[in-house]
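In: Sharing a sequence plus its predicted fold:
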Amino acid sequence: MSQVASTVAINLARKLHEAGIRNNAVLQAVSNTPRELFLDGALAHKAYENTALPIGQGQTISQPYIVARMTELLLQHNPSKVLEIGTGSGYQAAILAQLVPQLCTIERIKALQIQARQRLKRLDLHNVSFKYGDGWKGWQNKAPFDAIMVTAAAVSVPEALLMQLSEGGVLVIPVGEDSQQLLKITRHGNEYSSQIIEAVKFVPLINGELA
């Protein structure tokens, strides 16, 4: 990162702390990650604003606060192997890859997946496995996962993702259509407990269709 980018990234992390993010490792990962790398050049000047931005293909890069909040929720359980549904720009994956030993990430839009893979390679993050596929189905061959993060809103919780959690594993997922809630779901054997975290706004999680 350039000195200017490093300074604004540190300032963004400070704003996230003021907004309630308390995990120092998450804040450090935000400080270390050049968010402008994950955006079209025309939007680079907005990279360190705490807002969601378009990345093409009808998708967005999530608001930094939400990226940090969802990451913080996962890290409470010290996961070793994490599945991300919706690679998108790769920004969330870049944050996670700095914090967990093994990250698996799925994207249904091939062009976005290719770009994200190139960006993470550029950042020298090599503990990430990529899959082009339907996020609703998860990644059975890599299961079970200690934690699963979904970065698009599902109309209901995908059954396949619940089944791919390890015992005590957590699923962090936005659920709903017009009104969305971020849920944290924990597996206890064949039962699951659910906690509502906060209201959110995500693009929809598409079921089945690849692009």
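Out: Looks like it came in fine.
In: contacting residues for Ile66?
Out: Ile66 makes contacts with Ala52, Leu182, Val200, as judged by C-beta atoms under 8 Å, 6 or more residues apart in numbering. C-betas here are computed from N, CA, C, even on glycine.
In: Could you give the number of residues near the second one?
Out: For Leu182, the number of neighbouring residues by other C-beta atoms under 10 Å comes to 22.
In: Please report the distance of it from Glu18.
Out: Taken as C-beta to C-beta, to the nearest Å, the spacing of Leu182 relative to Glu18 amounts to 20 Å.
In: do the same with the first one
Out: To Glu18, Ala52 is 19 Å away according to C-beta to C-beta.
In: out of those two, which sits in the more crowded spot?
Out: Shown here are Ala52 and Glu18; by other C-beta under 10 Å, Ala52 has more neighbours (17 against 8).
In: got the phi/psi numbers for the more buried one?
Out: phi -80, psi 150 (degrees, to the nearest 10).
In: and which of the contacts of Ile66 is nearest Asn78?
Out: Proximity of those to Asn78 (C-beta to C-beta) peaks at Leu182, which lies at 20.4 Å.
In: Check what contacts the host helix or strand of the closest one and list those residues.
Out: Element membership for Leu182, per DSSP states H and E: strand 180-188. Outside strand 180-188, the residues that touch it by C-beta under 8 Å, 6+ apart are 66, 69-70, 73, 153, 157, 162, 165-175, 192-202.
In: What's the mean pLDDT across stretch 37-48?
Out: Averaged over stretch 37-48, pLDDT sits at 91.
In: wait, stretch 119-127
Out: 97.
In: how far is the lengthiest helix in the chain from where the chain is centred?
Out: Looking across the chain with DSSP state H, the single longest helix is helix 3-18. Its chain's C-alpha centre and that of helix 3-18 lie 19 Å apart, by C-alpha atoms, centre = their mean, to the nearest Å.
In: tell me the contacts of Leu123?
Out: Counted by C-beta under 8 Å, 6+ apart, Leu123 has contacts Thr33, Pro34, Leu37, Ala94.
In: do that again at 10 Å, thanks
Out: Residues near Leu123 by C-beta atoms under 10 Å, 6 or more residues apart in numbering: Met1, Asn32, Thr33, Pro34, Leu37, Gly90, Ala93, Ala94, Ala97, Gln98.
In: where does Gly20 fall, helix, sheet strand or coil?
Out: Secondary structure state of Gly20, per DSSP: H, G, I helix; E, B strand; the rest coil, is coil.
In: and the gap between the residue nearest to it when sequence neighbours are not counted and Glu198?
Out: The spatial neighbour of Gly20 that comes closest, neighbours along the chain excluded (C-beta to C-beta, 6 or more residues apart in numbering), is Arg69 at 7.9 Å. Arg69 is 8 Å from Glu198, where distance means C-beta to C-beta.
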